[in-house]
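> okay, structure incoming, though there's no sequence with it:
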């Protein structure tokens, strides 16, 4: 793009001095020397290039393929039983990004440093012996790990305040007990409702809260531009 708009005054150019053969030779040598210095310039320690791709956009923020890979490897999202772990992880990351947008609208709750460190260790333990290769492949470092752990704790605190558990009644507990008989067995033998009442009531309470959060997230998706730009890899 031209710096000067059409019709404006341009600075007058001074006539160029003729280029001699010796001048051209010196210019070639200087160019070759500069290229050599650039090639041999040492790279900063730990510098790496991670090939990445935007796989989704949530509002004005992007989710990258390495985000999905890191989330799976660190156990940041739940993909148990999924036939398509990458797609499930991406959907969970979209939900996470939507929740963080809501957290940011208010005053983010303070996080206890000990709780952050505990969450960091949980993420590292999940990755196990694959931690270093995962961090190298995704560009995750210690600072980012702590940032992710802090965000997770802030989401938990936000949800606990906005969606406090509402204890299920006996009718809800009985319904849950009948719909999930496989969850109430002891040594392979089906339990009676009286034996499983407390556990059924707790599970029904969690189910009800999960449904409320899911409904809220559905509303957030309707109000926010969410675009999947590429298949998760």
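Perfect, I can see it now. Small disclaimer: the values here were computed from a predicted structure and weren't measured.

> and residue 206, what is it in contact with?
residue 165 (C-beta atoms under 8 Å, 6 or more residues apart in numbering). Heads up, the C-betas are built off the backbone N, CA and C, glycines and all.

> how much space between it and residue 172?
Distance of residue 206 to residue 172, computed by C-beta to C-beta, to the nearest Å: 11 Å.

> can you identify the element that follows the host helix or strand of residue 104 toward the C-terminus?
Using DSSP states H and E, residue 104 sits in helix 85-105. Counting by DSSP H and E, the next helix or strand C-terminal to helix 85-105 is helix 113-127.

> same question for the helix or strand just after that next one, mean pLDDT?
Moving toward the C-terminus from helix 113-127, the next helix or strand (DSSP H and E) is helix 131-138. Averaged across helix 131-138, the pLDDT comes to 96.

> show me which residues of helix 131-138 are buried.
Across helix 131-138, burial judged by 16 or more other C-beta atoms under 10 Å covers 131, 134, 135, 137, 138.

> quick check: the gap between the second one and residue 127.
Using C-beta to C-beta, one obtains 5 Å as the distance from residue 134 to residue 127.

> so which residues of the chain form strands?
54-58, 61-64, 185-186, 189-190, 226-228 (DSSP state E).

> list the strands paired with the second one, with their directions.
Right, strand 61-64. When pairing is defined by DSSP bridges, strand 61-64 lines up against strand 54-58 (antiparallel).

> tell me the buried residues in the strand it pairs with?
The neighbour-count check on strand 54-58 (16+ other C-beta under 10 Å) flags 55, 56, 57, 58 as buried.

> how about the first one: what's its closest non-neighbour residue?
Once flanking residues are discounted, residue 55 sits nearest to residue 230: 4.8 Å by C-beta to C-beta, 6 or more residues apart in numbering.

> pLDDT at the one you found, what is it?
What the model reports as pLDDT for residue 230 is 78.

> list the buried residues of stretch 218-228.
Those buried within stretch 218-228 under the rule 16+ other C-beta under 10 Å are 220, 226.

> what do you get for stretch 203-213?
Buried residues in stretch 203-213, counting neighbours by 16+ other C-beta under 10 Å, are found at 203, 204, 205, 208, 209.

> one more: stretch 92-107?
So, applying 16+ other C-beta under 10 Å, buried residues of stretch 92-107: 92, 93, 94, 95, 96, 97, 98, 99, 100, 102, 103.

> and the spatially closest residue to residue 122 that is not a sequence neighbour, backbone torsions?
Nearest residue to residue 122, sequence neighbours excluded (C-beta to C-beta, 6+ apart): residue 75, at 7.5 Å. Here is the backbone geometry of residue 75 (degrees, to the nearest 10): phi 70, psi 30.

> for this protein, which helix is longest?
If you go by DSSP state H, the chain has its longest helix at helix 193-223.

> can you redo the strands of the chain as a markdown table with distance to residue 148?
A markdown table is the format used below for these (distance: least, C-beta to C-beta, whole Å):
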| stretch | distance to residue 148 |
| --- | --- |
| strand 54-58 | 16 |
| strand 61-64 | 13 |
| strand 185-186 | 37 |
| strand 189-190 | 41 |
| strand 226-228 | 21 |
